[in-house]
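K.L.:
based on what follows, work out the 3D shape:
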Amino acid sequence: MTTPGTALTAPPAASLRRISGFTPTGRLHLGNLLGAMVPTVAGQDTPGTVVFLSDLHAFTVEHNPATTRATTIEQATLLLAAGVDPDRSLFYLQSQVPAHTELHYLLECATGVGEAQRMIQFKEKSAAQHQVRLSLLTYPVLMAADILLHQSAEVPVGDDQDQHVELARDVATRFNARYGATFVVPRAVHPPTAARVMDLADPSRKMSKSAPSGGGTLFLLDAPDVLRRKVFRAVTDSASDVRYDPAARPGVANLLEILSACVGRSPGDLADDFDSYGPLKAAVADAVIDRVRPIQRRYADLAADPAYVRAILRDGAERARIATADTIHRARTAIGLL
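P.N.:
Purely as a prediction, here's the structure:
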């Protein structure tokens, strides 16, 4: 730890930590499992893996407090059921580690209003809201705090999150230049292509936790008969043959990609196994049900003892407070606090 009152000349030690955040704004679904949860679990052998529930981000839009609390514990339990191991990952709730919010404010002091207003998600979400919360404007700075707090050199993200990492880079660079070497400047890295699951009812958009009807979303806790019914109602097209063509036939391609992610074969090869949509949908439904069944069983066991899950989160938060203390001390010292 740096000595209080001293100038920061040496940069902090960089980490190759893998950081994954999950926001409790809705129920986790198959797209979350295949696109984020599976890679997160597989990456736990990376030293210093961080998995946290970004519950503060859930307050950028209208929410019900009781629902947010219930969704938070449900997501935490599902992450554990899917294989997140608190002995191999730093697993905690963002809101239980005050360093996130303290660093958020310090970084706001090095961020321009125009930078926040240019963020694509702010433009899109604010356009659809009658009353825009200030937190919707500033949450990308909180996301930068989430990243910089752990002094990560690399941040695995999807293409749609590149802008957030760029903001974190800009803010870290500016803070370091003005106040001394405080943060590792991270860079976005794009892991090997993960499954990108589209909505079954509208294959032009990704499966979403907060879709209005949920009819095209395969939630991880849906009963087997519900999952099967949703798959059989999936949009395809007017052709009769099964062919993998994402551009011309996105509905069929989505089904093949889901099946591919579940069974480990390429979508193109799988297309040759089917001569009509009925057998394809039956195979997809079976594969999805088989994929989530062990997670649902483990979830049921864990949900029967919510105190156990809460204890894991409390322990993770305590470890996270210790792990991030040096970064907060560096930032406070650098910016001029006693």
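K.L.:
what ranges of the stretch 151-300 of the chain fall below the confidence cut-off?
P.N.:
Scanning the stretch 151-300 of the chain for pLDDT under 70 picks out the ranges 159, 191-195, 212-213.
K.L.:
can you list the domains in this structure?
P.N.:
Domain ranges of the chain: 19-195+305-335, 224-302, per automatic domain parsing.
K.L.:
in TSV: these, plus distance to Lys206 and mean neighbour count.
P.N.:
Using the backbone N, CA and C atoms, a C-beta is placed for each residue, glycine as well. Converted to TSV, these look like this (distance: least, CB to CB, whole Å; neighbours: other CB atoms under 10 Å):
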stretch	distance to Lys206	mean neighbour count
domain 19-195+305-335	6	18
domain 224-302	10	17
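K.L.:
can you list the ones you listed in a markdown table and add distance to Met207?
P.N.:
What follows is those, written out as a markdown table (distance: least, CB to CB, whole Å):
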| stretch | distance to Met207 |
| --- | --- |
| domain 19-195+305-335 | 4 |
| domain 224-302 | 9 |
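K.L.:
which of those domains sits closest to Ala211?
P.N.:
Closest of the domains of the chain to Ala211 is domain 19-195+305-335, at 8.0 Å (criterion: CB to CB).
K.L.:
look up phi and psi at the residue nearest to Arg332 when sequence neighbours are not counted.
P.N.:
Distances taken as CB to CB, 6 or more residues apart in numbering place Leu106 nearest to Arg332, at 7.3 Å, with adjacent residues excluded. Backbone torsions of Leu106, given as degrees, to the nearest 10, read phi -60, psi -40.
K.L.:
strands along the stretch 1-150 of the chain, start to end?
P.N.:
Shown for the stretch 1-150 of the chain, the strands assigned by DSSP state E, counting those that start in this stretch span residues 19-22, 49-53, 89-93.
K.L.:
quick one: mean pLDDT over the shortest one.
P.N.:
pLDDT averaged over strand 19-22 equals 90, rounded to a whole number.
K.L.:
residues in contact with that strand?
P.N.:
28, 32, 36, 40, 49-54, 57, 75, 79, 94, 143, 146-147, 150, 152, 155-156 (CB atoms under 8 Å, 6 or more residues apart in numbering).
K.L.:
in helices, which of those fall?
P.N.:
Residues of these located in helices (DSSP state H): Asn32, Thr40, Gln75, Leu79, Met143, Asp146, Ile147.
K.L.:
tell me the SS of Ala211?
P.N.:
At Ala211, secondary structure determined by DSSP: H, G, I helix; E, B strand; the rest coil is coil.
K.L.:
right, and it touches Leu218 too?
P.N.:
No: between Ala211 and Leu218 there is no contact under CB atoms under 8 Å: 10.9 Å.
K.L.:
the more surrounded of those two?
P.N.:
Set Ala211 next to Leu218 and count neighbours by other CB atoms under 10 Å: Leu218 wins out with 26 against 19.
K.L.:
roughly how far does that one sit from Asp199?
P.N.:
Leu218 sits 10 Å away from Asp199, going by CB to CB, to the nearest Å.
K.L.:
and what of Cys109?
P.N.:
40 Å.
K.L.:
check contacts around Val165.
P.N.:
Ile147, Val155, Val157, Pro186, Arg187, Ala188.
K.L.:
how about the secondary structure of the nearest residue to it once chain neighbours are set aside?
P.N.:
With sequence-adjacent residues excluded and distances taken as CB to CB, 6+ apart, Val165 is closest to Ala188, at 4.0 Å. What three-state DSSP gives for Ala188 is strand.
K.L.:
in TSV: the strands of the stretch 1-150 of the chain, plus distance to Asp225.
P.N.:
Formatted as TSV, these follow (distance: least, CB to CB, whole Å):
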stretch	distance to Asp225
strand 19-22	27
strand 49-53	30
strand 89-93	32
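K.L.:
rank those strands by pLDDT, which is bottom?
P.N.:
For those, mean pLDDT drops lowest on strand 19-22, to a mean of 90.
K.L.:
list the strands paired with that one, with their directions.
P.N.:
If you go by DSSP bridges, strand 19-22 pairs up with strand 49-53 (parallel).
K.L.:
how far does the strand it pairs with sit from its chain's centre?
P.N.:
Averaging C-alpha positions (CA atoms, centre = their mean, to the nearest Å) puts strand 49-53 9 Å from its chain's average.
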